[in-house]
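>>> below: sequence and its predicted model.
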Amino acid sequence: MSLTFSLFKSALSGLMLVSSVSAIAAPSKILFGSCGHQDKAIPIFDAINKEQADLFMFLGDNIYGDTEDMTVLADKYQRLGQKPGFKTLRANTPIIAMWDDHDYGENDAGSEYPKKQQSRKIMLDFWQEPAGSARRTREDGIYTSYTYGEGEQTVKVIMPDLRFNRAPLNHVSAMTYQLERKPAKQGPYSPTTDKNASMLGENQWQWLEQELKSDEKIKIIASSLQLLADFTGWESWANYPADRERLFALIKKHKVNGVIIVSGDTHWGELSKYEQNLDYPLFEMTSSGLTEKWKDVSPNKHRVGDYTHEVNYGDLTIDWQKADPTIRIALKGIKGDEIMHTEFALSTISPYQ
């Protein structure tokens, strides 16, 4: 690990001085995870801490708040903060974080959640966001990006906010869920028929387009919800097909190289690969959860190999020493044992000159 990155770790553990990240060496090992319950033991932190990663990304449901009482919400964050494994992680590893529904404040909530401004402050205070950060004051959410490295070794992490602006979900009837969806291991939601419905909102879309146009070699879209799965019936980008198609179209329009997706939420882990009408394959590693498990795993035609419903975390490792850097994305279990992985050269996801 470089001296520069070590110095950054010390600074980040105090004030999350993200304004200086552009000068930081590109990370070689990025770990990620989601869905950790503050009232449960989280022994998987022991394996995570042994990795001595350059960066850890919390992808959402980092606590289970599920309340409109902000005293309760703040207390649940503090319970996470008191976990010994979390304390060790915070002291030794730079952390960045996005919320999903449960830490936003309510299961499957969107723009209608009445305490989203108060929840925003509690969330950003806990994750030690700088006082002057745009995440604290934007009218439409806490979306953000982080850039690491310089020259030929650059990584951008893009974290969209899929809660603050999200239009209402489209539900099936209770009978349809019980008779059709539940036996098929699918949830109660269907893709919206409103072409104007969005998870992101137009302002965030304009921001995201500019983020994609920048010239980092690798762009990690850190999504709180699954992006590539076509349909699970649960929350995902597939419920807002115009959003998903817009993202794919922007990648082609602006000839965006090096996009990799990581996601959370599901309470199971899997690898997806998507190639429809794209110039290179998109890979998505879903890591969920740090404590939570879901046995009735939904079908996913883009899944590569098997899934896991045991606790897990994700590992994205980049070998910058090679002329054509190798990227390895893996899921690991409670003791750090590898469950699944894929590996590819950066050139295979960088077709544009």
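Now that the structure is in, tell me what you want to look at.

>>> C-alpha only now, for contacts and for neighbours.
Noted.

>>> residues contacting Y113?
Y113 is in contact with 105-106, counting by C-alpha atoms under 8 Å, 6 or more residues apart in numbering.

>>> could you check how far it is from H341?
Distance from Y113 to H341, counting by C-alpha to C-alpha, to the nearest Å: 37 Å.

>>> got it, and K273?
Distance of K273 to H341, given as C-alpha to C-alpha: 12 Å.

>>> same question, K295
For K295, the distance to H341 - C-alpha to C-alpha - is 21 Å.

>>> which of the two has more neighbours?
Using other C-alpha atoms under 10 Å as the criterion, K295 and H341 rank with H341 on top: 18 against 11.

>>> run through who's touching stretch 156-165.
With C-alpha under 8 Å, 6+ apart as the criterion, stretch 156-165 contacts 98-101, 104, 109-111, 116, 140-148, 198-201, 204, 208, 211, 216, 218-225.

>>> now do the same end-to-end measure for stretch 165-183.
32 Å.

>>> average pLDDT for that stretch?
For stretch 165-183, the mean pLDDT works out to 97.

>>> repeat for stretch 39-59
Mean predicted confidence for stretch 39-59 is 98.

>>> quick one, helices of the stretch 101-250 of the chain?
Along the stretch 101-250 of the chain, counting by DSSP state H, counting those that start in this stretch, helices occupy 101-104, 116-126, 174-176, 202-213, 241-253.

>>> buried residues, the second one. List them.
Of the residues in helix 116-126, those with enough neighbours to count as buried (16 or more other C-alpha atoms under 10 Å) are 116-117, 119-124.

>>> let me know the average pLDDT across it.
On average, the pLDDT along helix 116-126 is 98.

>>> packing partners for that helix?
Counting contacts by 3 or more C-alpha pairs under 8 Å, 6 or more residues apart in numbering; DSSP states H and E, helix 116-126 is packed against helix 70-81, helix 101-104.

>>> can you give the distance from that helix to the centre of its chain?
Centroid separation for helix 116-126 versus its chain: 18 Å, with C-alpha atoms, centre = their mean, to the nearest Å.

>>> hey, where'd the strands end up in this protein?
In the chain, the strands defined using DSSP state E lie at 29-33, 55-58, 95-97, 144-150, 153-159, 170-171, 189-190, 218-223, 259-263, 270-274, 282-286, 313-319, 326-332, 338-345.

>>> single out the most deeply packed of those.
Mean neighbours per residue, mean count of other C-alpha atoms under 10 Å, is largest over the strands of the chain for strand 282-286, with a mean of 27.

>>> how far off strand 29-33 does that strand point, in degrees?
For strand 282-286 against strand 29-33, the angle by axes from the mean of the first three to the mean of the last three C-alpha atoms, to 10 degrees is 60 degrees.

>>> can you list the residues that contact strand 282-286?
Contacts of strand 282-286 (C-alpha under 8 Å, 6+ apart): 226-228, 259-264, 266, 268-275, 314, 329-331, 349.

>>> with stretch 314-331 instead?
27-33, 153, 269-270, 285-287, 312-313, 332, 338-347.

>>> burial count for the residue lying closest to D61 once chain neighbours are set aside?
Closest residue to D61 apart from its sequence neighbours, by C-alpha to C-alpha, 6 or more residues apart in numbering: C35 at 4.6 Å. As a burial measure, C35 scores 30 neighbours (other C-alpha under 10 Å).

>>> touching, C35 and G289? I think so.
Yes: counting by C-alpha atoms under 8 Å, C35 touches G289, with 4.6 Å between them.

>>> what's the overlap in contacts for those two?
By C-alpha under 8 Å, 6+ apart, the residues touching both C35 and G289 are 264-265, 267.

>>> who wins on neighbours among those residues?
Ranking the shared contacts of C35 and G289 using other C-alpha under 10 Å puts G264 first, with 31 neighbours.

>>> check the helices of the stretch 101-250 of the chain for me and report the most buried one.
Most buried among the helices of the stretch 101-250 of the chain, counting by mean count of other C-alpha under 10 Å: helix 101-104, with a mean of 26.

>>> export that one as PDB, just CAs?
Taking Å, rounded to 0.1, in the frame of the first residue of the first chain, the C-alpha atoms of helix 101-104 are listed here in PDB:
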ATOM      1  CA  ASP A 101     -34.500   1.900   1.900                       C
ATOM      2  CA  HIS A 102     -34.000   0.700   5.500                       C
ATOM      3  CA  ASP A 103     -31.300   3.200   6.400                       C
ATOM      4  CA  TYR A 104     -33.200   5.900   4.400                       C
END
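
>>> report the rounded mean pLDDT for that helix.
Mean pLDDT, helix 101-104: 98.
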